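*Asks:* no sequence for this one, just the structure:
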């Protein structure tokens, strides 16, 4: 057997998921844990138990494919031209082998374990998927996948730690019991995740390979266990973890009763939360929004699950992550199989309407499901956008016949590049330039401080303009005595970068200023809920909030915001946001930290959003970055493997009005 090559630079990640990535408190196959995500620091030659993504069960020393599509996932720093498989295909047809989404081989029927060398140029530096697609009647097994030619058949466990290798295992606060088996020695080091302080150091030695060694550890805060091979080989036999008791949310006692309240979602496009008075901004950009905030629950750390409009609103409408509803790129739309919020409410007797000034939120992309009346303000009606508030007020007057009402309003402002009409135009400028920076974004990459200020002035004046429109709506509701009993959600679909990290705009980036959004929920006054909440929430939580108020137990990817309200302070909740480029850049907010991973090249960044939001601190917080990396990968394992397809959109068949609107917003050339 050839000796393993060790790459000292690689951060090698192995994902353990089974049975479609369902998570349990203690779960294992033949005693091996499934609920944990592992992080390697060496180039792992053999893919095995530590890399099961989904669709396999363990039978002895074989992995049996249980799904039509079964996968392993692995990371590589060293890109090799050959991948070796040992498999058995007990069927009459071939199994198709895909590597990173491209079919590269057919695995012929083989009654015995067969070894096959596959030449390929499809291996990447970073995350890779090996995927097997089989017919329903085919029994397919994998014995081994590896990257170096090993003539001898290994009888060692697939998942093992050898000399020179280092493995990290993250845990939330709680107690862990770790069982190791092997011959040689290794070092176990436990570190507190947030401070990197050492909790325990222990050298484990074994003379006989059949003896097992058990180690126990308890920590009141999240921690990382590091296992470093010093001599010989060790395999992990079992991991048992018992979390510390977490305060359970109070039982759900807040429900809405007949007559049902009117429900309105007021969304302004591309608004940074930090540019509103309710979130501490010094300029008076949002007096009407700020007044609404005093009657609402203000979620201080709310995040959109997508950095571009269509995916973000698809999440609001379904309560599902983009990885679940699959609207992740510009050519995808929402499938009709997903229940939308307008449909849910229409089924309960609501009159429904949608007012959209963005072509992203229109019929071709799947947003007319359950909508009785749809009003668009783009294309030939672009100039009519200023009437969206007055048209909505007219709809309110016309539909006040006793049936409850739902409406979703999508204002295009303050999305770049928009300038407001007078008297809001230049309201923050003493000497307005002849050609403002906001109209020159496509032609610029670098910006001076003066140009950034000019851009910010126009952005703030556009917020003031849309706040003025919202004020008209809120004033009408108060004048007609419908404000108090209505449920009103105010938010943005995403933020907007103003060069905080040398970027302008959104979509392709996931920095905190792009994914953090304002979120206010004004509940009916009879519920007596208002105040400020610090715990992390996300746009997946909006639909489940409304659903729970109707006593509906439907499952979503998010949770009820009422639960977050009673929690108020930060816990271990986290949000995940993505961009519109595949395979994707992702941002994860947990407590005061914001972690970014780029799946294309495996770059990572870490920020403390309260202390140093613009300074990457990942080199100073290794333990924390490992902890958040594995938290993100566990999320990715759970949601990215959901077998759903998105609605394919042919952009060339969109109407001229829709194309013009998408082009004006910068989504297409």
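*Replies:* In hand now; what should we look at? In this text the structure is predicted, and so the values were computed from the model without any measurement. Numbers count the residues shown, from 1 in each chain.
*Asks:* In contact with residue 492: list those residues for me.
*Replies:* 267, 268, 269, 270, 271, 273, 304, 517, 518 (C-beta atoms under 8 Å, 6 or more residues apart in numbering). To be clear about C-beta, it is placed using only N, CA and C from the backbone, and glycine gets the same treatment.
*Asks:* taking the residues you listed one by one, which sit in strands?
*Replies:* If you go by DSSP state E, these have 267, 268, 269, 517 in strands.
*Asks:* could you dump the residues you listed to CSV with neighbour count and pLDDT?
*Replies:* Putting those into CSV (neighbours: other C-beta atoms under 10 Å; pLDDT from 0 to 100) gives the following:
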residue, neighbour count, pLDDT
267, 22, 97
268, 27, 97
269, 26, 95
517, 24, 98
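*Asks:* Any chance of JSON lines for those residues, columns distance to residue 139?
*Replies:* Shown next, in JSON lines, are the ones in strands among the contacts of residue 492 (distance: C-beta to C-beta, whole Å):
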{"residue": "267", "distance to residue 139": "50"}
{"residue": "268", "distance to residue 139": "55"}
{"residue": "269", "distance to residue 139": "52"}
{"residue": "517", "distance to residue 139": "49"}
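*Asks:* Farthest pair within these?
*Replies:* With distances taken as C-beta to C-beta, the most widely separated pair in the ones in strands among the contacts of residue 492 is 269 and 517, at 10.7 Å.
*Asks:* that older thread, quickly name whichever of the ones in strands among the contacts of residue 492 is closest to residue 627.
*Replies:* Closest approach to residue 627 among the ones in strands among the contacts of residue 492 (C-beta to C-beta): residue 517, at 25.2 Å.
*Asks:* Which residue, neighbours along the chain excluded, lies closest to that closest one?
*Replies:* Leaving out its chain neighbours, the residue that sits closest to residue 517 by C-beta to C-beta, 6 or more residues apart in numbering is residue 492, at 4.4 Å.
*Asks:* Which pLDDT value belongs to that neighbour?
*Replies:* Residue 492 carries a pLDDT value of 97.
*Asks:* For it, give me phi and psi.
*Replies:* phi -120, psi 160 (degrees, to the nearest 10).
*Asks:* before we move on, what about the one 3 residues further on?
*Replies:* Reported as degrees, to the nearest 10, the phi and psi values for residue 495 are phi -90, psi -160.
*Asks:* Could you check how far it is from residue 506?
*Replies:* Residue 495 sits 7 Å away from residue 506, going by C-beta to C-beta, to the nearest Å.
*Asks:* so residue 435 sits in a helix?
*Replies:* No. Secondary structure of residue 435 (DSSP: H, G, I helix; E, B strand; the rest coil): coil, not part of a helix.
*Asks:* so which of the ones in strands among the contacts of residue 492 comes closest to residue 166?
*Replies:* Of all the ones in strands among the contacts of residue 492, residue 166 sits closest to residue 517, with 38.7 Å by C-beta to C-beta.
*Asks:* so residue 577 sits right up against residue 586, yeah?
*Replies:* Yes. Assessed by C-beta atoms under 8 Å, residue 577 is found in contact with residue 586 at 6.7 Å.
*Asks:* Show me which of these two is the more surrounded one.
*Replies:* residue 577 (31 against 23; other C-beta atoms under 10 Å).
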